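Asks: Just to be clear, the model below is a prediction. Sequence and coordinates:
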Amino acid sequence: MSLDQLKHWLRRLLIQVVFLILVLAVIALGEWLPPFRILHDYLETHPAVKSLFSGVTISMTVIGTLLLAFTQFLVRVGDERLVLTVGKDAQNRRGVVGWLARRFSGLKITAGFHDEASFREVKRAFQKGIWWEKPRWRRFTLMGLGAFLLLYGLFGLFIVISPAGVKLLMAAALVYASLRTAWGFYKAGPPEKG
């Protein structure tokens, strides 16, 4: 190991240790802060409320996951590709794979699409009202909604079921992600006029 590699390794190790100390400090602070202690105690003494919030956050997570996973198949835009090739080398394999390869020789199946948009483009789509009219933006909007539901549902679930210190850690991470996203939209500039 060279001296540069050793320095790089030690630097990464130091960053990881500092991050771990920061996480543990936030958890300890959450255990100490009264609002998080009160919230945790309230949820523990009112299981019906905790069950309600758990059900809502689990539902958000499941719906978000389904939107992310299946929107690409439900909203057809035309940029999808579907190709799978079963080669002759797979036909010699034993078991289910070989049996399928012998039955469907030459079949091609793959699925996928590629789409990206800047915050500015998303702003323009919403300003012009095409976020639901055009299939590309409909797919993008539904998948964005899925990401939103998954993020807030999953972090919300951890906030509901975890101890007070972890509640603070999850809330801080969620607020940070929300602020960074909002800042990204703000920095993207104002949408077009007219």
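Replies: Now that the structure is in, tell me what you want to look at. Numbers count the residues shown, from 1 in each chain.

Asks: Can you list the low-confidence ranges for the chain?
Replies: Counting by pLDDT under 70, the chain contains low-confidence residues at 76-114, 190-194.

Asks: for it, what's the longest helix?
Replies: Taking DSSP state H as the criterion, the chain has its longest helix at helix 3-32.

Asks: Any buried residues in it, and which?
Replies: Of all the residues in helix 3-32, those buried under the rule 16 or more other Cβ atoms under 10 Å are 26-27, 30-31. For every residue, glycine as well, the C-beta is placed using N, CA and C.

Asks: same for it, what does it pack against?
Replies: Secondary-structure packing of helix 3-32 (3 or more Cβ pairs under 8 Å, 6 or more residues apart in numbering; DSSP states H and E): helix 164-187.

Asks: Return the distance of the helix it packs on from the chain's centre.
Replies: 14 Å (Cα atoms, centre = their mean, to the nearest Å).

Asks: related to what we said a few turns ago, need the buried residues of helix 3-32 in CSV (columns: distance to residue 133).
Replies: Listed next are these as CSV, based on distance: Cβ to Cβ, whole Å:
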residue, distance to residue 133
26, 44
27, 47
30, 45
31, 50
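
Asks: which of those sit farthest apart?
Replies: By the measure Cβ to Cβ, 26 and 31 form the most distant pair in those, at 10.0 Å.

Asks: shared neighbours, these two?
Replies: Any residue near both residue 26 and residue 31 by Cβ atoms under 8 Å, 6 or more residues apart in numbering counts here, and that gives residue 165.

Asks: rewinding a little: quick one: which of the buried residues of helix 3-32 is nearest residue 187?
Replies: Using Cβ to Cβ, these come closest to residue 187 at residue 26, 26.8 Å.

Asks: And for the closest one, nearest residue in space, chain neighbours not counted?
Replies: residue 169 (5.0 Å; Cβ to Cβ, 6 or more residues apart in numbering).

Asks: ok, that neighbour touching residue 23?
Replies: Yes: Residue 169 is within contact range of residue 23, at 6.5 Å (criterion: Cβ atoms under 8 Å).

Asks: Could you chop the chain up by domain?
Replies: With domains defined by automatic domain parsing, the chain comprises 3-75+118-187, 80-113.

Asks: Mean neighbour count, those: which tops it?
Replies: domain 3-75+118-187 (a mean of 15; mean count of other Cβ atoms under 10 Å).

Asks: now that we're looking at residue 13, how far away is residue 19 from it?
Replies: 11 Å (Cβ to Cβ, to the nearest Å).

Asks: got the contact list for residue 1?
Replies: Per Cβ under 8 Å, 6+ apart, neighbours of residue 1: residue 9.

Asks: distance of it from residue 184?
Replies: 39 Å.

Asks: now residue 160, nearest residue through space, not along the chain?
Replies: What sits nearest to residue 160 in space, not counting adjacent residues and going by Cβ to Cβ, 6+ apart, is residue 53, at 4.5 Å.
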